[in-house]
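Asks: pasting a predicted model and its sequence here:
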Amino acid sequence: MRQCSAEGNVTGSLQVGGLIGSPYDGNIISEYFSAGNVTANYIAGGFTGASVVGFPGTTNSIIENCYSRSNVIATDGVAGGFIGSFTSLLVIKNAYSTGTVSSPEKFGGFIGTAGNVVTENCYWDTLSSQLSNLVGEWAGTPGNPEITAKSTAEMKTTAMVTDLNLGSTVWTLNPAVNDSYPSFTPFDLAVNNSGKIESQVVVYPNLFDSEILIDSEQSLKGFAIYNVSGKMIQTGSLEGNHAKLNTQAIKSGLYVLIIQTETGTISKKIIK
């Protein structure tokens, strides 16, 4: 499978991913990306939910030259920026993730829980994800995955493209595409739109008290506020280009505000 994408909100119970739930038995997934918001009860990943244990004779699946821009929430389990649970029968190489990740239990910038992982040349954005740990928890003896922490500025460079390519020409860098992160031009059109939505919606103040204001160049459709445990605190419909959210009943803490517009969704971290 090659050159596909998914952008939008994905919600489920177990092994939920922004593009794939669980690859199985010899799949080769190349030049894919996901963007949007992923919410699951137990296992959630920005790109794929989990690797799974197979029957005798089952072979490894391969995810290569892929990335996730998805924001991930597990309400009662584990969450990872790229994959929720990674224990066997999967190889991930030349990949990265950038989204926010939250869970009441175990969550990591790239992997939620990890066992016998096989990775090569993978990365996660520590600033955009706000996570310095690549794995939420090791299941057994800690491994030594080839997954490197990068700042946002480091991710958006030609040096990063060179690292991802490893001598190939799959990856490129175009400031007008994918919010200046490495991409597969001219294929990356959906995430380019996601970056455009981000720039057209303003949320303030970031440190809020009794209200949150939203200004948008696009028509607003709805919103939801989640706490760091993935629990929905407040939701509602919106209309027009401006909105005022009453947040007096919300307790102090860190939250994720998801905003739906006429052409897509974005998420913002906010603090009370």
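Replies: Here it is on my side, so go on.

Asks: show me what contacts the residue nearest to Leu14 when sequence neighbours are not counted?
Replies: Leaving aside its sequence neighbours, Leu14 sits nearest to Tyr42 (Cβ to Cβ, 6 or more residues apart in numbering; 4.8 Å). For the C-beta atoms, the positions are set from N, CA and C on the backbone; glycine is no exception. Listed by Cβ atoms under 8 Å, 6 or more residues apart in numbering, the contact set of Tyr42 reads Ser13, Leu14, Gln15, Ala74, Asp76, Gly77, Val78.

Asks: chain center to stretch 209-217: distance?
Replies: Computed by Cα atoms, centre = their mean, to the nearest Å, the separation of stretch 209-217 from the middle of its chain amounts to 24 Å.

Asks: repeat for stretch 37-48
Replies: Relative to the chain's own centre, stretch 37-48 is displaced by 9 Å; criterion: Cα atoms, centre = their mean.

Asks: offset the numbering so it begins at 868, please.
Replies: OK, 868 is where the count begins now, so the last one is stretch 904-915.

Asks: now do Asp1082 against Pro1009, distance only.
Replies: According to Cβ to Cβ, to the nearest Å, Asp1082 stands 46 Å off from Pro1009.

Asks: which residues does Phe914 contact?
Replies: Contact analysis of Phe914 by Cβ under 8 Å, 6+ apart lists 884-887, 899-901, 930, 933-935, 937, 949-950, 962, 964.

Asks: one more time with 7 Å
Replies: Applying Cβ atoms under 7 Å, 6 or more residues apart in numbering, we find Phe914 in contact with Gly884, Gly885, Leu886, Ile887, Ser901, Cys933, Ser935, Phe949, Ile950, Ser964.

Asks: let me have those in a markdown table, extended by secondary structure, pLDDT and distance to Ala1116.
Replies: Conversion of the contacts of Phe914 to a markdown table gives the following (DSSP: H, G, I helix; E, B strand; the rest coil; pLDDT from 0 to 100; distance: Cβ to Cβ, whole Å):
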| residue | secondary structure | pLDDT | distance to Ala1116 |
| --- | --- | --- | --- |
| Gly884 | strand | 96 | 33 |
| Gly885 | coil | 95 | 31 |
| Leu886 | coil | 93 | 36 |
| Ile887 | strand | 92 | 38 |
| Ser901 | strand | 94 | 33 |
| Cys933 | strand | 95 | 40 |
| Ser935 | strand | 97 | 33 |
| Phe949 | coil | 98 | 35 |
| Ile950 | strand | 97 | 35 |
| Ser964 | strand | 97 | 33 |
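
Asks: and the strands in the stretch 918-1067 of the chain?
Replies: For the stretch 918-1067 of the chain, the strands defined by DSSP state E, counting those that start in this stretch cover 928-935, 938-941, 945-947, 950-953, 957-964, 968-969, 973-975, 978-981, 985-992, 1002-1005, 1014-1017.

Asks: in CSV: those strands, plus mean neighbour count and distance to Leu1033.
Replies: Converted to CSV, the strands of the stretch 918-1067 of the chain look like this (neighbours: other Cβ atoms under 10 Å; distance: least, Cβ to Cβ, whole Å):
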stretch, mean neighbour count, distance to Leu1033
strand 928-935, 24, 10
strand 938-941, 31, 27
strand 945-947, 34, 23
strand 950-953, 33, 20
strand 957-964, 24, 7
strand 968-969, 28, 26
strand 973-975, 27, 24
strand 978-981, 30, 21
strand 985-992, 22, 6
strand 1002-1005, 19, 23
strand 1014-1017, 19, 13
